[in-house]
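Student: Could you work out the structure for the sequence below:
(chains A, B, C and D)
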Number of protein chains: 4
Amino acid sequence: MSSSFGTLFRVTTFGESHCKAVGVVIDGCPPGLTLTEADIQAQLDRRRPGQSALSTDRQEADQVIILSGTENGRTLGTPIALQVANKDQRPKDYGNMRDIPRPSHADYTYQMKYGIRASSGGGRSSARETISTVASGAVAAKILREKHGIDIVAWVASVGEIEAAAVDSDTITRQEVDATLIRCPDKAAAAQMEALVGDLKTIGDSVGGVVACVIRNVPLGLGEPTFEKLEAKLAQAMLAIPATKGFEIGSGFSGAKQRGSQHNDAFTQKEGRLGTLTNRSGGIQGGISNGEPITMRIAFKPPATISLPQPTVDFSGQEAILEAKGRHDPCVVPRAVPIVEGMAALVIMDMLLRQEARKALQF
Amino acid sequence: MSSSFGTLFRVTTFGESHCKAVGVVIDGCPPGLTLTEADIQAQLDRRRPGQSALSTDRQEADQVIILSGTENGRTLGTPIALQVANKDQRPKDYGNMRDIPRPSHADYTYQMKYGIRASSGGGRSSARETISTVASGAVAAKILREKHGIDIVAWVASVGEIEAAAVDSDTITRQEVDATLIRCPDKAAAAQMEALVGDLKTIGDSVGGVVACVIRNVPLGLGEPTFEKLEAKLAQAMLAIPATKGFEIGSGFSGAKQRGSQHNDAFTQKEGRLGTLTNRSGGIQGGISNGEPITMRIAFKPPATISLPQPTVDFSGQEAILEAKGRHDPCVVPRAVPIVEGMAALVIMDMLLRQEARKALQF
Amino acid sequence: MSSSFGTLFRVTTFGESHCKAVGVVIDGCPPGLTLTEADIQAQLDRRRPGQSALSTDRQEADQVIILSGTENGRTLGTPIALQVANKDQRPKDYGNMRDIPRPSHADYTYQMKYGIRASSGGGRSSARETISTVASGAVAAKILREKHGIDIVAWVASVGEIEAAAVDSDTITRQEVDATLIRCPDKAAAAQMEALVGDLKTIGDSVGGVVACVIRNVPLGLGEPTFEKLEAKLAQAMLAIPATKGFEIGSGFSGAKQRGSQHNDAFTQKEGRLGTLTNRSGGIQGGISNGEPITMRIAFKPPATISLPQPTVDFSGQEAILEAKGRHDPCVVPRAVPIVEGMAALVIMDMLLRQEARKALQF
Amino acid sequence: MSSSFGTLFRVTTFGESHCKAVGVVIDGCPPGLTLTEADIQAQLDRRRPGQSALSTDRQEADQVIILSGTENGRTLGTPIALQVANKDQRPKDYGNMRDIPRPSHADYTYQMKYGIRASSGGGRSSARETISTVASGAVAAKILREKHGIDIVAWVASVGEIEAAAVDSDTITRQEVDATLIRCPDKAAAAQMEALVGDLKTIGDSVGGVVACVIRNVPLGLGEPTFEKLEAKLAQAMLAIPATKGFEIGSGFSGAKQRGSQHNDAFTQKEGRLGTLTNRSGGIQGGISNGEPITMRIAFKPPATISLPQPTVDFSGQEAILEAKGRHDPCVVPRAVPIVEGMAALVIMDMLLRQEARKALQF
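Tutor: Just a heads-up that it's a prediction; the model follows:
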C-alpha cells in the first residue's frame, strides 16, 4: 500500500505516463459540498505541461472528469473518482533511454524493485502522477476555504542561486504569484530566473529551486502527535512529490543556528486566543497548529532528464553516453507550486476531520 | 490514531513525563530473533538524561523491561511490549510554568487541542516519549544488522554556528561518534561545541544544531511510491522527533542551487548491481533505495525551555515574565543521535518487510 | 475511510448506481502477472444482471476496462484501476420511492448519515458496487491460482426453506455450480429453487438464501491474530456484501451444540504436514489456516425491494403504501456466488502477502 | 499488523499466557473523561477465571493498572496503557501437550506460522489475550454510556442443545444476566445448562454455546460502507474472539429462509426519527445504524482442551493419545459475555468518532 494518503480524507491515486488515464479516488469527502469539474480544473491548468515557454513544450489539456460521488453538482459523501485521460498512450521513441537508465532518475530503481518497468516515459514515477494530488487537493482546498476560510499559497522562492526577496506570507495571493511565468512574486528576481531557465532550456540543462508555502487561518489544534505531528505529515507529503530533496517548517535549518532566547516565539493576546509575536515555529508547536500561519519551504533538485550528453553505464553495466530525447522541463518549480498547495490541502483536511471527531466526544 | 507508526513492523507508543511508565508495543517483529533487554539498553543509555555534563542534570536510569513477546530470549512473533518506569511520578513544582505557557513549547497547543494537559513537565510532548522510539528502533536495528548487515550511524554535524568538517559517511562508526560528549566526530569542532553548550547551560540559554545520519548496506528496492517513498517516510519519522525543524535527503537544499549536469549521479558498474559515482541522491531515486548509502540531515531548534527571563503572556492573556524552573538540556543534539538512529531503523525495517512480500509473489 | 480493504493487496472502490462509472483501484498487485480484461470479464459475466430469467430483467453489459497498471498485458506493480461504465446514467422514475424510504433498504439510513442521497436507485448501496469486488477479486484469484493452485468455489446451499443436499467441498467445481441457473449443484433442489424464484418474480415478492464457499489449497499459516484472524477478516468481507445477515466458518452455529469430544478435529499425518481427519474447524485454527479446505456459509436476506404493496411511512412520517417500481432480483444468491468468491480471494491474497513478508525475515 | 483494531479509537493489545503481563494501549480516547481502574475492573472480574464453579479452577486476580494517559483521574487524550500482571509466569508442566498439538487448538498453526511457539499454555492464542479487549472495551463503554446513554448487554442464549427462551432485548440488564452463574436470563434453562456444564467438568469434556448481545440507544448513522459497514466490523470483532464459529445480525440465518414480504421492517414514526415496527434488520440497514437496537448472536465452539483421551498424532506425525492436563473451562460462554460486550463497545466507539468527524464538516 503506497498510493493512498490520509486517514479520514483519504486519497488513492493511479496511473502511469502512457496508460489510458491517471486519476484519484477521494474517500471520506464531506457530503453536500457543491463540486463540479470547474472547481478542480483551475489548479490542473496551473500544473499542466506546455503552459508557458518555461516548461516542456509537450501540450496536454489535462481535462478532469468526475466519475462518481456527486449528483446534481453536490457531493454525496461517497468516493469521488476523478480521471484525466492520457492524450498519447502510445509508447514513445525514447531512443537509447530504454537501455540506459537515466542518472538520478527512477528508471533503474523501478526496474530493480518491480522486476519490470513501463517501457517509455517515467511510468508511475512520471510527473503525470501529480495530477492526482493537484485534483484531489483542489477538492480539499475548496472545503477548507468554505468552512474555515483557510487559504494556501505557494510560490517560487529561488531558482538555482537566484533567491527572491522576502515575501510577506500574511498577504501573498495566488494572483500575485501567477503574475510572472516563473511564479515568483519578486519581479526582479523572477526576470533573472526566467532568463536562466530559458538559457538552460536552449542548451539542454536543468536547474533546481525552492518553493515556499503558507497556510493561513488554520484552526488551533490540528496535528496528531506523536507520529503524525502536523509538520511530520507535511514533511511526508512534500517529500512524496517527485524531485524533492528537503523540507523546512518555520525557521528550518536556520533555526538550528540560533539560541533559545532568540528563537522562542513570545506569546501575546490575539482575538479569542493567544498568538505569537514572531513565527519561527512556523505555525506549529509540539506538532499541533497554534493558529499562526503555517510556513514551510521545499527544495527541488534539478530535473534529471537533460539532453546534454552524460557519460554513464547501461543496464548491463557497459559504458555509454546518454543523450535524453523528448521534451522535458528545465526547472520544475513553477509547475510544482500547485502540487505543493495540493499536498498541503490534503494534510490539513485530514487533520481537521480528525480533530473535529475528538472535539465532538471531548468531556 | 497518532501514536502508531509502520505498516508491517508497527510500533505503538505510550507515556507522559510523570505517569507510571513510558513504553512501546512492537507488532510484527519477525519470530525467532534472539532478544533480551541488553540489546535495547545500550541505545537507551545513549539517550538518557544526566549522561554527561552537557545534558540536563536530571538522572534517570531508564531501565527497559520486556513485558511480552519473547520466551527464553527469543521473539515469538507476537507483540513485544517494552516498558521503562518513570522514576519520579509526582507532579513537580514547575513554578509559574503552570500559568504561563512556555514560548515555542507545546504547553499552549496541548491545552487547546485536548482541553486539558499534564500538570507538570511536558506530558506527552516530553522528550521522555522518545524512549519508545529508541527502544523499538534498537529492536529493528538488530534485525537489520543480523539479516542484511545494515548499519545506521548518526552524529552531530553542527551546534549553533559551529559546523563540523565533513565526515566520511562510508566509514563513520558509533564508536567514533561517542568519542566526544557532544557526539561530533570532528574533535576540534566538538571542543568548541562543548564549550558553547557549557556556557549556555551556565547562563540558562539553549542552542540548536544539526544531526546527520547514514544508513549503509540498504538493499536495492526499498520504498513504496508514491505516498510512502522512502525519503517521505524518513522525513515524517524525523519531523516527528520533538524540536525538529528541517530534513534533507542527499544534497538537500544545496541541490536546489545546482544544475542537472552537475547534480546527476552517473551510474557505474558495482558488485552485482549498478552503483553511482557520486551520491547527491542520498541513496534514493524515485522514492526507492538504489543500494548507495542513505544520507540525511535533520535540523533541531534550540530547546524552548530556558531559565533566562522571557516576556510573554499567561494563559489568560495577561503580560508576564517566565523564568523556567527545572533542569533542562541546553542543546538536544547529542541525545538526539540515538533517536534519529531509532527512527531510521523503524522506517527501513518496515520497508524491508513490505518489499519482501512483493518479491515473494512477483511473477 | 470505508471504501478500502486490505493491507498489502489493497482495493479501493468507487461508484454509485447512476454515476458515470463504477470501479476499483488495486494497490499492491504483484508485478509481472499476465493480465487482460478477459481475465476479469468472466466473473463479471457471472455477476451481471439480466443473465437469466431468475434475475432482474435489466440488461447491463458490464464491460471492464483496465485504465492503468499494466503494459503489454503484464502488471507493472503499480496501481491497477478498473472501470465499468454505467450504461444508463439518467436518474430514473422510481415513482413514490423518492418520498418513501424502502423498508429494510438503505434509503433512510443513507439520507440520515450523509444528509443527502442519490436520487435514484440504491446509489452507493446499490448492488452495482459489488462489480468492484468481483473485478478485483478476479485479479487476486488469478494470482492465487497461478502461484499456489488455490481455488475458490461458491454455490447456492439454500433458497428459502429449500436446502440442497450436502456438496463435496473437496471436489465441487465452478462448472458444476453453473450447470443450473440458480447455481445449486443439487439438481433436484435446484429445480425447486428455480420454480420458487420464478413464482416470486411473478407475484413481486423475494426470498433469501445461503451461499456456501470453499477455498482449497490454502497454504498453512495465513491469518494475522488477534484482530485479523483469518475467519475474522473473512467475516468482515462477507458481511460487507449487501443483504448479508450471517456468517459461519466450519461447523458454525451447529458447532455450538456439540461437545469437545465430538467436535475436535484429530490430527493425522498428511503429505508434508499434519492434517485433520475431520474439518469442523473449517480449515482455520487459532485464526490461522491449517492447510485443510476453508469452508464457510453466508446468509442472505430476501431483497428489500419488492413490488407487493407495503404499508409504511414516508420520510416525513406520514403513513403511506409503497409499491416499488423497477426491475429487481427476487433472490440474490445466484448472482452473489461470484461476489462471495471475490471477497474470499481478496482476503486470502492479502494474508498471503503478509505471511510471505514474515517468512522472509524469520530467524 | 494484527494486534490493533479501530481507526480513531484504536486499541493495540499485547501479552501471552506466561509472559510478565498482558495489556492494551488505547490511542484516541477522548480527553477529559473521568477514569480510574475501578471503571475497568468490574468487567475484568466478570471475565476472570475461577469466578465460579462452572469455570476453570485457576484463580487469577487480574488487577488492572493504568500506566499512562490519565492524571488526577481524568484522561489526557494521550494513549492509555492498561496492564494486568500474569500471576504465574513460569512455564507449566503441560505433560505431553508439548509434543502433541491439541486437536482444534492453535498449537500446530502457531508453530507452523511463526516457526516457534510459547512453550506452555496457549501463548498468544490463550484466552488471557481477551483481558485486553475487556479492559479497553470498558473504557469505550463508559464513554458511550456517558455521552449517548448507549448500553450494551450480552447473555448466554444456549449451551449445547439447551436453548433459553426468548429474552426481551429492549429491557434485559447485566444484573439480570448475572443472576445465574451461567449468565442466562431464562432461569429454568440456566439450571439445566449449569448442570450440564458441571457434569462435563467432572468427566473432562466440554460444550459449545451461543452468546446474544444487544446494543441500545445507538445514534442513527454509524457504520462506514462499503467495507466497514457496521455489521461487517461487528462480525470481524466477534470472529476475532477465540473459539467463535459464527455470527448473526438481526434475523441472521433464519432471515435467509424468509420472503421479503415477511422480512421487511416497515417504518413508523418514532420520537424525532423514523423507526421500524419490527427489527429483523437488527438495527442496521445498508451497513448503517438505523436507531433501533442492534441485535446479534455469536456461536462458540466447545473448548478444544479436554482431559478425555484423544487419539491423534504428535508433531512428528506419530500416533499418540492426548490427555490434556491443566484446568480448563468446560464451556466458555459465561466468561465470553463481557468479551462480546467489550468488542461491541470498541466497534461502536470507533464508528461514533468517525461519524462525528463527518457531521462536523458536512455542508
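Student: Residue numbers of the stretch 101-250 of chain A in contact with chain D?
Tutor: Contacts of the stretch 101-250 of chain A with chain D, taken as CB under 8 Å from any CB of the partner chain, map to A:143, A:146-147. From N, CA and C alone the C-beta is placed, and that goes for glycine too.
Student: Most neighbours out of those residues, which is it?
Tutor: A:Ile143 (23 neighbours; other CB atoms under 10 Å in any protein chain shown).
Student: Check whether the strand or helix carrying that residue comes near chain C.
Tutor: Secondary structure from DSSP states H and E places A:Ile143 in helix A:130-148. No. Figure legend: helix A:130-148 not in contact with chain C (CB under 8 Å from any CB); closest approach 9.9 Å.
Student: Could you confirm A:Ser17 falls within a helix?
Tutor: No. Using DSSP: H, G, I helix; E, B strand; the rest coil, the secondary structure at A:Ser17 is coil, not a helix.
Student: What about chain B: which of the residues of the stretch 101-250 of chain A next to chain D touch it?
Tutor: Answer for these near chain B: none qualify (CB under 8 Å from any CB).
Student: mind giving me CSV with these and columns for distance to D:Gly69?
Tutor: Formatted as CSV, these follow (distance: CB to CB, whole Å):
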residue, distance to D:Gly69
A:Ile143, 32
A:Glu146, 36
A:Lys147, 31
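Student: Longest helix in chain A, please.
Tutor: helix A:333-361 (DSSP state H).
Student: Could you name the helices and strands sitting against it?
Tutor: Here helix A:333-361 is seen to pack against helix A:37-47, helix A:130-148, strand A:151-159, strand A:209-216, helix A:230-239, strand A:294-300, helix B:107-114, helix D:333-361 when contacts are counted using 3 or more CB pairs under 8 Å, 6 or more residues apart in numbering or on different chains; DSSP states H and E.
Student: among those, which is the most enclosed?
Tutor: Stretch with highest mean neighbour count among the helices and strands packed on helix A:333-361: helix A:230-239 (a mean of 30; mean count of other CB atoms under 10 Å in any protein chain shown).
Student: can you tell if that helix touches chain B?
Tutor: Yes. Counting by CB under 8 Å from any CB, chain B has neighbours in helix A:230-239: A:231-239.
Student: From chain D, how far out is the nearest residue to A:Leu308 once chain neighbours are set aside?
Tutor: In this structure, A:Leu308 finds its nearest non-sequential neighbour in A:Gly204, 4.8 Å apart by CB to CB, 6 or more residues apart in numbering or on different chains. According to CB to the nearest CB, to the nearest Å, A:Gly204 stands 47 Å off from chain D.
Student: Does A:Gly204 touch A:Ser307 like I think?
Tutor: Yes. The criterion here is CB atoms under 8 Å, and A:Gly204 meets it with A:Ser307 at 3.3 Å.
Student: My guess is A:Leu200 contacts A:Ser206. True?
Tutor: Yes. Contact criterion CB under 8 Å: A:Leu200 and A:Ser206 qualify, at 6.0 Å.
Student: State the helix or strand in which A:Val197 lies.
Tutor: helix A:187-203.
Student: Test of understanding: give the bridge partners of A:Ala154.
Tutor: A:Cys213 (DSSP bridges).
Student: From A:Ser52, how far out is it?
Tutor: Distance of A:Ala154 to A:Ser52, given as CB to CB, to the nearest Å: 17 Å.
Student: same thing with A:Ala190?
Tutor: 12 Å.
Student: Mind checking which of those two has more residues around it?
Tutor: A:Ala190 (22 against 14).
Student: Can you check the pLDDT for the more buried one?
Tutor: A:Ala190 is assigned 98 on the pLDDT scale.
Student: residues in contact with it?
Tutor: With contact set as CB atoms under 8 Å, 6 or more residues apart in numbering or on different chains, A:Ala190 has these partners: A:156, A:164, A:180-182, A:184.
Student: ok, now A:Val347?
Tutor: Contacts of A:Val347 by CB under 8 Å, 6+ apart are A:230, A:233-234, A:237.
Student: Please apply the same query to A:Thr130.
Tutor: Per CB under 8 Å, 6+ apart, neighbours of A:Thr130: A:47, A:241-242, A:339, A:342.
Student: that older thread, average pLDDT across the longest helix of chain A?
Tutor: 98.
Student: Kindly report the same for stretch A:237-257.
Tutor: 98.
Student: Likewise for stretch A:149-164?
Tutor: For stretch A:149-164, the mean per-residue pLDDT is 98.
Student: again with stretch A:121-139
Tutor: 93.
Student: try stretch A:47-64
Tutor: 84.
Student: Buried residues in it, which are they?
Tutor: Buried residues in stretch A:47-64, counted by 16 or more other CB atoms under 10 Å in any protein chain shown: A:47-49, A:51, A:54-56, A:60, A:62, A:64.
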